[in-house]
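1. Okay, structure incoming, though there's no sequence with it:
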C-alpha cells in the first residue's frame, strides 16, 4: 500500500470518527471566562409563569430572575460558605424588595417597600406591584402561589390593603400565621412589574398568562431574553438592578440531557456551572478538583422521597404503602448510591428543624414484613415506578428497588421521563409510584407535614386524611411561641408515619458542580445558587 493511499484512508477514518463523535469533540474547547456564565441543565422549561410550578429547573431559574419580598440573612457556619439563618425562624429573615416591616399583632404585618427599585422595563416598584401580583396569584385556578398565601392564613385579596405608594398591610384574616414571612422567600410569590404586565392583559386573558409564559417583568437581577425549546435559555442582566448590575451580564443556560456530558463539559471548561445536576459518583470525581471543575458542598434540607398515588390501586391501600416502607433499603441507598452524600432519613421531617418527633421511625428494612403486608393488602403484585431524568442517580435507585421488590414477588416496571412529562404526570396524578426530590423551603415542621397533602397543588400523592387535616387547621393557626403547637405537631407526625403517603428515605447534601475559578456561593433553604452573587476569582 503506497503512502498516498494510506494517507487518504487515514483522512477518511478521521472524518468518520469526527462525524460520530462530533459532540464529544466539540465540548473540549474551553469557554472564555468573561461576563457570560454558561450553565448546563438536563432540560429547558418552556413555560416560566412564576405562579405555576413546573419542576426543579423551573424553580431554580425563576429564583434567579425575580427578587422576592423577603430573603434570609446569611451567617458563617465555619465551613467557608455563608448559610441562611434558618434556625432563627423569623429572626433569620431580612428584607429584599420589602425594606422593613412591623407586626402590630399576631395577624397583621405592615410592609415598607424598598424605594428606587426599577424593573427591566424601567418602572419603579410600588405597593401596587405587590398587591397586583398577589391578586393574580389568588385569582388563578390551581396556582401554586395561591396555596402558599392561603397556607399563610391569607383568605383572599381583601387581606391586602394599600396604605400609600410605598406602604401596604397584610392581615391574615384566617388567624395567626407561623409561615407568612417565610413564604415570602419563595419564587412562587414573585412580585412582578404590574405596569408592564397589565399591558398584556385582555378580556380573553385577564392575567396575561400567555405573555408571562415567555416574559419576565422582573425587579430582580435578570430577565429572559430568549427561550429556544430543547436547546437553551438566555438571561440578561437588569441594567436598572437596585443592588447594581450583576457581574455576569448574560447567563446562557444550555440543555444537556446526559449527566455524563454535563460532567465532561464542566471538567473541560466548556460550561461553568452544572449545579446539582450530577450523580453522587460524579460529584466525588470533582470533590478535590478535576480539570476546570470543583465541588461546592454543604449539609442541607433536600429530601429524597418515594411517593405514592393514594387514590388508585395499589397505593390507595395503606398496607401496600407500609410494605414499601419495609422494602426500601435506605442504608444501602445512602452508602452505595448516594455514596455518603446524604444522611439516612429516620422520619418525614428534616432532622434539623424545630419540633421534629423524638420517637424513632417505625419502619426498618424487613423483606419478610414487606411481603406479609403486601399479601394482606390483596393488591396485584405489579406497579409502575417513575422518575424525572433530571435526577440522574435515581436510575440506580430504581434498579435496586426493582431487584428488592422481585425478591418478594412484586414486579416494578421502570419509567424514566423527561422533566416536562414527569412534572405533568405528577401534577395530574398519572404515576403510581414516583421519586420526588425537593427541599422543605419554609423550614417549618408544620408546613413540611401538610404542604404536600390536602388541597395543596404540591399534593402529588393526592393524600387527604380528615384527621391530619383537622390537626393542620389547629397548628397552622398558631405562632411558633404557642407551647400547644409542639404536641399537635407530634400527633401529626405520628399519623403521617402510620399512613405513609410518601417515604423520605434520605436527606441529601447541597452539592454544586462549578468552575474552579467561580466564587460567591452561599446556601439557602431552596438549595439553588444565587447567580447574581457569583463572579470570577
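-> Good, I have the coordinates. Treat the numbers as computed from the prediction; the structure is a model and nothing was measured.
2. List phi and psi for residue 461.
-> Note on residue 461: backbone dihedrals following degrees, to the nearest 10 are phi -80, psi -10.
3. Next, count neighbours for it.
-> 24 (other C-beta atoms under 10 Å). C-beta coordinates here come from the backbone N, C-alpha and C atoms, glycine included.
4. try residue 73
-> A count of neighbours around residue 73, defined by other C-beta under 10 Å, yields 14.
5. Likewise for the one 10 residues further on?
-> Taking other C-beta under 10 Å as the criterion, the count of residues near residue 83 is 22.
6. Next up, phi/psi of it, please.
-> Residue torsions, per degrees, to the nearest 10, at residue 83 are phi -130, psi 150.
7. gap between it and residue 468?
-> Residue 83 sits 32 Å away from residue 468, going by C-beta to C-beta, to the nearest Å.
8. With residue 374 instead?
-> 24 Å.
9. Please look at residue 243 and residue 237 and confirm they touch.
-> No: counting by C-beta atoms under 8 Å, residue 243 stays clear of residue 237, with 11.0 Å between them.
10. coming back round to it: quick one: which of residue 374 and residue 468 has more around it?
-> Set residue 374 next to residue 468 and count neighbours by other C-beta under 10 Å: residue 374 wins out with 25 against 19.
11. what's downstream of the one helix or strand the more buried one maps to, the next helix or strand?
-> Here residue 374 sits within helix 367-377, counting by DSSP states H and E. For helix 367-377, the succeeding helix or strand toward the C-terminus, using DSSP H and E, is strand 382-388.
12. Name the strands paired with that following strand and say parallel or antiparallel.
-> Strand 382-388 pairs in its sheet with strand 411-417 (parallel), strand 433-439 (parallel), by DSSP bridges.
13. How about residues contacting the first one?
-> The contact list for strand 411-417 (C-beta atoms under 8 Å, 6 or more residues apart in numbering) reads 381-389, 395, 398-399, 401-402, 405-406, 425, 431, 433.
14. got a list of contacts for the helix holding residue 374?
-> Applying C-beta under 8 Å, 6+ apart, the set of residues contacting helix 367-377 is 314, 317, 319-320, 322-324, 326-327, 381, 404, 407-410.
15. re the thing from before, now the contacts of strand 411-417: which count as buried?
-> Listed as buried from these are 381, 383, 385-389, 395, 398, 401, 405, 425, 431, 433; burial here means 16 or more other C-beta atoms under 10 Å.
16. Tell me which of the residues you listed has the lowest pLDDT.
-> Ranked by pLDDT, the buried ones among the contacts of strand 411-417 bottom out at residue 389, which scores 82.
17. Could I get the contacting residues of it?
-> Taking C-beta under 8 Å, 6+ apart, we find residue 389 in contact with 42, 43, 257, 416, 417, 418, 419, 422.
18. Who wins on neighbours among the residues you listed?
-> Neighbour max across these (other C-beta under 10 Å) = residue 422, 26 neighbours.
19. Please report how far it lies from residue 526.
-> 19 Å.
20. likewise residue 302?
-> Residue 302 is 10 Å from residue 526, where distance means C-beta to C-beta.
21. can you list residues touching both of the two?
-> In contact with both residue 302 and residue 526: residue 439, using C-beta under 8 Å, 6+ apart.
22. list the contacts for the most centrally placed residue in the chain?
-> The C-alpha lying nearest the average C-alpha coordinate of the chain belongs to residue 56 (C-alpha atoms, centre = their mean; 4.3 Å). Going by C-beta under 8 Å, 6+ apart, residue 56 touches 388, 390, 419, 437, 438.
23. just those now: which is nearest residue 487?
-> Within those, the smallest distance to residue 487 is 27.3 Å, found for residue 438 (C-beta to C-beta).
24. related to what we said a few turns ago, generate TSV for the buried ones among the contacts of strand 411-417, with distance to residue 516 as supplementary columns.
-> Output for the buried ones among the contacts of strand 411-417, formatted as TSV (distance: C-beta to C-beta, whole Å):
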residue	distance to residue 516
381	50
383	44
385	37
386	36
387	31
388	29
389	27
395	28
398	33
401	36
405	42
425	38
431	39
433	40
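25. can you count the residues close to residue 94?
-> Using other C-beta under 10 Å: residue 94 sits among 15 other residues.
26. Bridging across strands, which residues link to it?
-> With DSSP bridges as the rule, residue 94 is bridged to residue 71.
27. you'd agree it is up against residue 69?
-> No: in terms of C-beta under 8 Å, residue 94 does not count as a neighbour of residue 69; the distance is 11.0 Å.
28. what stretches of the chain score poorly on pLDDT?
-> Within the chain, the ranges that satisfy pLDDT under 70 run 1-31, 89, 441-442, 451-457.
29. Which residue ranges make up each domain of it?
-> Domain assignment for the chain by automatic domain parsing gives 88-198, 301-509.
30. okay if I get those as CSV plus distance to residue 263?
-> Listed next are the domains of the chain as CSV, based on distance: least, C-beta to C-beta, whole Å:
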stretch, distance to residue 263
domain 88-198, 27
domain 301-509, 10
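31. hey, where'd the strands end up in the stretch 151-300 of the chain?
-> 160-164, 167-171, 222-228, 232-237, 250-255, 273-275, 293-308 (DSSP state E, counting those that start in this stretch).
32. Go through the ones you listed and pick out the most buried.
-> Per residue and on average, the most neighbours among the strands of the stretch 151-300 of the chain fall to strand 273-275, with a mean of 24 (mean count of other C-beta atoms under 10 Å).
33. which strands and helices sit next to that strand?
-> strand 36-41, helix 259-268, strand 502-515 (3 or more C-beta pairs under 8 Å, 6 or more residues apart in numbering; DSSP states H and E).
34. Would you format these as CSV with mean neighbour count included?
-> CSV is the format used below for the helices and strands packed on strand 273-275 (neighbours: other C-beta atoms under 10 Å):
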stretch, mean neighbour count
strand 36-41, 23
helix 259-268, 22
strand 502-515, 24
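35. closest one to residue 342 among these?
-> Closest of the helices and strands packed on strand 273-275 to residue 342 is strand 502-515, at 4.2 Å (criterion: C-beta to C-beta).
36. now the angle from that closest one to strand 293-308?
-> Strand 502-515 runs at 160 degrees relative to strand 293-308, counting by axes from the mean of the first three to the mean of the last three C-alpha atoms, to 10 degrees.
37. Which secondary structure elements does strand 502-515 sit against?
-> Packing contacts for strand 502-515, counted by 3+ C-beta pairs under 8 Å, 6+ apart, involve helix 259-268, strand 273-275, helix 280-286, strand 293-308, helix 318-327, strand 342-344.
38. Name the residues that touch the last one?
-> This points to strand 342-344. Taking C-beta under 8 Å, 6+ apart as the rule, strand 342-344 contacts 280, 304, 330, 331, 334, 351, 505, 506, 507, 508, 509.
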